[in-house]
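>>> Coordinates for the following, if possible.
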Amino acid sequence: MEEFKVSKEELHKMFENKELLDTSKGWYYKDQEVQIIAIHNVETKYVQDMMNADFYKIKPAN
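Model prediction:
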C-alpha cells in the first residue's frame, strides 16, 4: 500500500463507510494497520488544535 492524502471530509466518510476502522490495536485500512497524520497549512507553532487539519496523510504503519 502506498501512502495517500485525503481531506477532512473524505476521512470522516471513510470512517462512516467502515473503509477505515478504529480498533483497540490501531487504525486499519483494507486489513492493514495504518498511521493517520494531520497535514497543517500553517507553521506548527501557530496550530491551535493539532488534530484539526484540512488534510490527512494515510500511510502504512510499518
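
>>> What is whichever strand in the chain runs longest packed up against?
For the chain, the longest strand by residue count, based on DSSP state E, is strand 32-39. Strand 32-39 sits against strand 26-29, strand 55-60, with contacts defined as 3 or more Cβ pairs under 8 Å, 6 or more residues apart in numbering; DSSP states H and E. Backbone N, C-alpha and C define where each C-beta goes, glycine included.

>>> how about those strands, which one is nearest Ala38?
For the helices and strands packed on strand 32-39, proximity to Ala38 was assessed by Cβ to Cβ; strand 55-60 is nearest, at 5.8 Å.

>>> can you pull the contacts of the residue nearest the centre of the chain?
Residue closest to the average C-alpha location in the chain (Cα atoms, centre = their mean): Ile36, at 3.1 Å. Applying Cβ atoms under 8 Å, 6 or more residues apart in numbering, we find Ile36 in contact with Leu11, Leu20, Trp27, Tyr56, Lys57, Ile58.

>>> I would like a PyMOL command selecting only the buried ones among those, please.
To isolate the buried ones among these in PyMOL, judged by 16 or more other Cβ atoms under 10 Å, type:
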select buried, resi 11+20+27+56+58
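
>>> ok, of the contacts of Ile36, which one's closest to Phe4?
Taking Cβ to Cβ as the measure, Phe4 lies nearest Ile58 of the contacts of Ile36, at 5.8 Å.

>>> Check what pLDDT the nearest residue to Lys59 once chain neighbours are set aside gets.
The spatial neighbour of Lys59 that comes closest, neighbours along the chain excluded (Cβ to Cβ, 6 or more residues apart in numbering), is Glu3 at 3.4 Å. Glu3 carries a pLDDT value of 96.

>>> What of Ala61?
On pLDDT, Ala61 comes in at 94.
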